[in-house]
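Participant: Here is a sequence together with a model predicted from it:
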Amino acid sequence: MRRRLINSTLAVVLVVIAVFGVSLVLVETRTIEESARESVDSDAVRLVSIVDSRLVGGEGLSQRALREQIESGRYARIEIPGRKPIEVGERPSGSVIRASRIGAQRERVTVEASRSTVSKEVGRTLLIILSVALLAVLAAVFLAIRQARRLSAPLTDLAETAERLGSGDPRPRHRRYGVPELDRVADVLDSSAERIARMLTAERRLAADASHQLRTPLTALSMRLEEITLTDDLDTVKEEAMIALAQVERLTDVVQRLLTNSRDPRTGSAIAFDLDEIVKQQIEEWRPASRSEGRAIVRSGKQGLRAVGTPGAVAQVLATLIENSLMHGDGTVALRTRVAGNQAVVEVSDEGPGVPPDLGSRVFERAVSGRNSTGLGLAVARDLAEADGGRLELLQPHPPVFALFLSREMTEEAAD
């Protein structure tokens with residue numbers, strides 16, 4: 001492409017120089033010849049006038065006086081009837097430019113000039129034109145190379161950007177080149193890179209969230225399945241199987257919620273549900289784990305609350321809070337339900353050291369942890385709560401108190 005741009009530019013410049021250069025040479029040659037003829041004719045007219053005036057006044061005609069009236073290097077011949085011709089200067093050889101005039105006294109004045117002077121003037125003019133043409137060609141080559149680089153370098157850069165996108169590097173470059181068409185292509189590539197980056201980030205986030213949220217429930221589910229394989233009591237098997245099926249349904253709901261949030265966090269499927277059932281369910285599921293560590297899970301507060309949200313997502317948020325209390329806290333894990341305005345609140349606390357002062361509100365940020373964990377649990381729990389129109393907050397760092405706020409279904413008794 002660069003070579004084509006240079007060749008096309010040079011071709012245009014050479015055509016322009018050829019057309020205008022030849023025309024200029026022809027015009028200048030004719031102008032120089034006409035100027036030389038007019039100059040010789042002017043000398044002849046002036047010389048006739050002087051000869052007439054001297055003949056009328058009876059003055060003599062000297063070669064010295066006549067030579068001063070014509071330009072240097074020219075030849076003049078004055079022919080007066082009845083007298084010997086007077087010659088001034090050296091007669092040129094070869095081709096000449098001649099002008100003749102006849103005066104009032106019947107004298108003839110002839111002035112000649114060599115054409116070599118005209119040829120020299122034409123040669124000098126031609127040399128100047130050729131020099132200007134050469135400078136124009138050099139300038140055209142320089143500008144063509146510069147323009148070719150200006151156009152080809154952005155195209156090469158854009159090709160490298162497209163190749164980077166194809167190889168999985170979605171970082172936008174934000175480079176602009178001052179050419180509207182190329183800048184438009186760069187805008188499109190940067191927009192595509194940003195979209196690809198968002199998609200990759202969403203996929204990686206979904207994978208991290210799903211692996212974190214499913215790790216503990218799957219472990220508990222596998223333990224229940226192991227208990228089923230070790231017992232011969234049909235009633236125990238049916239009971240454990242029913243619990244396992246309920247856990248699978250909640251896990252399916254959590255995975256669906258994570259997928260929905262990764263596509264559009266504003267999309268929700270909230271319904272009215274019995275908050276007591278979710279709290280009771282989580283206490284029963286986590287009681288074996290708490291007993292194995294010599295700790296207890298208790299519940300207090302207002303009962304009979306109905307909240308608006310996704311039951312599976314709410315259960316997963318409470319499971320995350322209870323798991324954090326068992327893993328990082330100490331003493332009794334307490335769940336307390338209460339009412340705050342038109343919201344139902346579930347508080348989860350323990351008797352441990354709580355959230356370190358250097359974390360504070362950053363405890364809900366991703367990859368932020370004070371106990372060498374992944375730092376994803378609370379972040380994912382907050383996203384699940386916000387997807388249902390609720391919120392998850394740290395009410396008190398020491399001892400730690402986390403609160404899940406959900407919209408409350410207003411019954412007729414509550415309204416009264």
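Facilitator: Yep, that arrived. Numbers count the residues shown, from 1 in each chain.
Participant: Break this structure down into its domains, please.
Facilitator: Segmentation of the chain into domains, based on automatic domain parsing, reads 2-138, 166-204, 263-415.
Participant: any idea of the mean pLDDT in the first one?
Facilitator: Per-residue pLDDT values over domain 2-138 give a mean of 84.
Participant: Kindly report the same for the last one.
Facilitator: With pLDDT averaged residue by residue, domain 263-415 scores 83.
Participant: Please apply the same query to the second one.
Facilitator: The average of the pLDDT scores along domain 166-204 is 76.
Participant: Now that domain: buried residues?
Facilitator: Residues 170, 172, 177, 182, 185-186, 189-190, 193, 196 are the ones in domain 166-204 that count as buried (16 or more other C-beta atoms under 10 Å). Heads up, the C-betas are built off the backbone N, CA and C, glycines and all.
Participant: now swap in stretch 342-351 and tell me
Facilitator: 343-350.
Participant: got the CA coordinates for that stretch in CSV?
Facilitator: Presented in CSV, the C-alpha positions along stretch 342-351 are these (Å, rounded to 0.1, in the frame of the first residue of the first chain):
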residue,chain,number,x,y,z
ASN,A,342,-41.4,-1.8,56.1
GLN,A,343,-38.5,-4.1,56.1
ALA,A,344,-37.8,-7.5,57.7
VAL,A,345,-34.3,-7.8,59.1
VAL,A,346,-32.3,-11.0,59.9
GLU,A,347,-29.2,-10.4,62.1
VAL,A,348,-26.4,-12.9,62.3
SER,A,349,-23.8,-12.4,65.1
ASP,A,350,-21.3,-14.4,67.1
GLU,A,351,-18.9,-13.8,70.1
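Participant: contacting residues around it?
Facilitator: 275, 279, 301, 305-307, 318, 321-322, 325, 329-339, 390, 395-396, 399-408, 410 (C-beta atoms under 8 Å, 6 or more residues apart in numbering).
Participant: Go ahead and flag the most central residue of the chain.
Facilitator: residue 174 (2.9 Å; C-alpha atoms, centre = their mean).
Participant: Confirm that it sits in a strand.
Facilitator: No. Under DSSP: H, G, I helix; E, B strand; the rest coil, residue 174 sits outside any strand and is assigned coil.
Participant: Helix, strand, or coil at the nearest residue to it once chain neighbours are set aside?
Facilitator: Take residue 174 and drop its neighbours on the chain: the residue closest to it by C-beta to C-beta, 6 or more residues apart in numbering is residue 190, 6.1 Å away. Three-state assignment for residue 190 (three-state DSSP): helix.
Participant: Is residue 190 in contact with residue 172, as I believe?
Facilitator: Yes. With contact defined as C-beta atoms under 8 Å, residue 190 reaches residue 172; the gap is 4.0 Å.
Participant: so how far is the longest helix seen in the chain from its chain's centroid?
Facilitator: Counting by DSSP state H, the longest helix found in the chain is helix 2-57. Helix 2-57 has its C-alpha centroid displaced from the chain centroid by 57 Å (C-alpha atoms, centre = their mean, to the nearest Å).
Participant: for it, packing partners?
Facilitator: Packed against helix 2-57 by the contact rule (3 or more C-beta pairs under 8 Å, 6 or more residues apart in numbering; DSSP states H and E) you find helix 63-67, strand 75-79, strand 96-102, strand 108-114, helix 115-166.
Participant: would JSON lines of the buried residues of stretch 342-351 with secondary structure and distance to residue 137 be doable?
Facilitator: Shown next, in JSON lines, are the buried residues of stretch 342-351 (DSSP: H, G, I helix; E, B strand; the rest coil; distance: C-beta to C-beta, whole Å):
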{"residue": "343", "secondary structure": "strand", "distance to residue 137": "82"}
{"residue": "344", "secondary structure": "strand", "distance to residue 137": "86"}
{"residue": "345", "secondary structure": "strand", "distance to residue 137": "85"}
{"residue": "346", "secondary structure": "strand", "distance to residue 137": "85"}
{"residue": "347", "secondary structure": "strand", "distance to residue 137": "86"}
{"residue": "348", "secondary structure": "strand", "distance to residue 137": "84"}
{"residue": "349", "secondary structure": "strand", "distance to residue 137": "87"}
{"residue": "350", "secondary structure": "coil", "distance to residue 137": "87"}
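Participant: Would you check which pair of the residues you listed lies furthest apart?
Facilitator: Pairwise distances across these peak at 23.0 Å for 343 and 350 (criterion: C-beta to C-beta).
Participant: any idea which element residue 335 lies in?
Facilitator: strand 333-340 (DSSP states H and E).
Participant: All the helices of the stretch 151-300 of the chain, in order from the start?
Facilitator: 180-230, 234-263, 275-292 (DSSP state H, counting those that start in this stretch).
Participant: all helices for the stretch 301-416 of the chain, in order.
Facilitator: Under DSSP H, counting those that start in this stretch, the stretch 301-416 of the chain gives helices at 311-328, 377-387, 412-415.
Participant: any idea how far the longest one is from the chain center?
Facilitator: Taking the mean C-alpha point of helix 311-328 and that of its whole chain, the gap between them comes to 44 Å (C-alpha atoms, centre = their mean).
Participant: quick check: angle from that helix to strand 343-349?
Facilitator: For helix 311-328 against strand 343-349, the angle by axes from the mean of the first three to the mean of the last three C-alpha atoms, to 10 degrees is 20 degrees.
Participant: Kindly report the same for the second one.
Facilitator: Here helix 377-387 runs at 170 degrees with respect to strand 343-349, directions being taken by the same axes, to 10 degrees.
Participant: tell me which residues in helix 377-387 are buried?
Facilitator: Those would be 377-385, 387, for helix 377-387 by 16+ other C-beta under 10 Å.
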